[in-house]
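Peer 1: all I have is the shape, not the residue letters:
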C-alpha cells in the first residue's frame, strides 16, 4: 500500500515540477514494451453475452465458448487492446443443477457432474485466440481446486496468449458461499500498456470497500463482471456509476445479454458518466470505449488520501 502511495506522489511531483499533465508524467514511471510511450488512451471492449447455467451440458459450454470467441474477434476488429466479459460468459452454474440433493432441494454442489474437459478445452481455445488476435482477454469461469470447492473466478489472458493472473470473487452470496464456492481473499491488479486495472466479480459490486481498496492501489479502471439471470437489476448499473465517481476511475461493467434485467454492458468515465453502452435489446454484443488517464484521478485521490488521514479512516 505504501509503495503505491509513494509511486503516485512521485508522479504528481514530476507533473508539478515540469508542468506536464499527469498522463505525460506517468510515462516516465511506467515503461511499456520495447520502450514505447504510454498511449494517451487505451481502447477497451466490454461484452454482454448469453449465459447458460448447466456446466454438465457440453453443447451449451461449446455454444458459449463460440460466442465468446466471436465477440473477441469483433473487439479485435474494432481496435480494442482488451476485451472484458461478464460473469457466466462460459457458464453460470445453477445451484439446482449442481446440488447433490437437487434439483428440488438445494444442498452442497456436486462438482464432479461438471464437464471439466469441455470447459478446459473452451478456455484453451480462448487463450490461444487471444494470442492470435493480439488482444488481452478477461474471461470469468469456474476455477477447479483439487481439495476444496472451486472459486468463482476471472482469468486474465495476455495478448501473447498467456494466463497472467486470476481473481476470485470475494463477496460471495449466501448461496454461493454455503453450497458452491470457496471465497477469494485478495484484490488483483494487472497492467496493459501502462494502464492499471483492478478486477471485481459478482456481488463484489455491492461492497464499496472493495473499490476503495482499488483506489488505494492506484488503478485507472476496474473491470466488473456481473451475471443477472432473473428480474430487473438496473440498480447494478447505478452502483457502477456511483463507484466510478466516488473513486475517480473508470468502470467497465460486463453483464448478461438479457433485456428483461434492464442492465446492459458499458463503460463509465471517472465522473460516472456512461461513455459507451451495448445495445439495450439484450443481444450479445460489445461496446467500445477509449479509456484515458486524467489529472482529475490524481486530484481526487490526493483529496481522499488527505481526508482519510484527517478523519482516521
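Peer 2: Yep, that arrived. Note that this is a predicted model, so its numbers are computed, not measured.
Peer 1: quick one: residue 144 from residue 166, how far?
Peer 2: 12 Å (C-beta to C-beta, to the nearest Å). Placement of C-beta: from N, CA and C, glycine included.
Peer 1: what of residue 193?
Peer 2: 21 Å.
Peer 1: repeat for residue 248
Peer 2: In this view, residue 248 and residue 166 are 27 Å apart by C-beta to C-beta.
Peer 1: quick one: which of these two has more around it?
Peer 2: residue 248 (20 against 15; other C-beta atoms under 10 Å).
Peer 1: so that one sits against residue 270, correct?
Peer 2: Yes. At 4.5 Å, residue 248 counts as touching residue 270 under the criterion of C-beta atoms under 8 Å.
Peer 1: so which residues of the chain form strands?
Peer 2: Ranges of strands within the chain are 41-49, 82-84, 136-143, 151-157, 163-168, 189-192, 195-201, 221-225, 250-256, 266-268, 274-277, 285-292, based on DSSP state E.
Peer 1: would you mind giving the ones you listed as a markdown table with distance to residue 111 added?
Peer 2: Below are the strands of the chain laid out as a markdown table (distance: least, C-beta to C-beta, whole Å):
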| stretch | distance to residue 111 |
| --- | --- |
| strand 41-49 | 23 |
| strand 82-84 | 26 |
| strand 136-143 | 8 |
| strand 151-157 | 11 |
| strand 163-168 | 15 |
| strand 189-192 | 27 |
| strand 195-201 | 18 |
| strand 221-225 | 21 |
| strand 250-256 | 22 |
| strand 266-268 | 33 |
| strand 274-277 | 35 |
| strand 285-292 | 31 |
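Peer 1: closest one to residue 121 among the ones you listed?
Peer 2: strand 136-143 (12.1 Å; C-beta to C-beta).
Peer 1: and that closest one, how far out from the chain middle?
Peer 2: 9 Å (C-alpha atoms, centre = their mean, to the nearest Å).
Peer 1: got the angle between that strand and strand 250-256?
Peer 2: Counting by axes from the mean of the first three to the mean of the last three C-alpha atoms, to 10 degrees, strand 136-143 lies at 50 degrees to strand 250-256.
Peer 1: list of residues touching strand 136-143?
Peer 2: If you take C-beta atoms under 8 Å, 6 or more residues apart in numbering as the criterion, strand 136-143 is touched by 55, 68, 72, 81-91, 93, 114, 119, 123, 126-127, 129-130, 150-159, 166, 168, 192, 199, 201, 223, 225.
Peer 1: residue 253: neighbour count?
Peer 2: 32.
Peer 1: right, and it touches residue 275 too?
Peer 2: No. Counting by C-beta under 8 Å, residue 253 stays clear of residue 275, with 11.9 Å between them.
Peer 1: need the residue closest to the centroid of this protein.
Peer 2: Nearest residue to the geometric centre of the chain (C-alpha atoms, centre = their mean): residue 223, 2.9 Å.
Peer 1: quick one: common contacting residues for residue 253 and residue 275?
Peer 2: Counting by C-beta under 8 Å, 6+ apart, the residues touching both residue 253 and residue 275 are 266-268.
Peer 1: of the residues you listed - the most surrounded one?
Peer 2: residue 267 (28 neighbours).
Peer 1: check the chain for its longest helix and report it.
Peer 2: Ranked by residue count, the top helix of the chain under DSSP state H comes out as helix 58-77.
Peer 1: quick one: low-confidence parts of the stretch 151-300 of the chain?
Peer 2: 295-298 (pLDDT under 70).
Peer 1: 50 instead?
Peer 2: Regions of the stretch 151-300 of the chain meeting the criterion pLDDT under 50 are absent.
Peer 1: grab the nearest non-local neighbour of residue 122.
Peer 2: Nearest residue to residue 122, sequence neighbours excluded (C-beta to C-beta, 6 or more residues apart in numbering): residue 65, at 3.3 Å.
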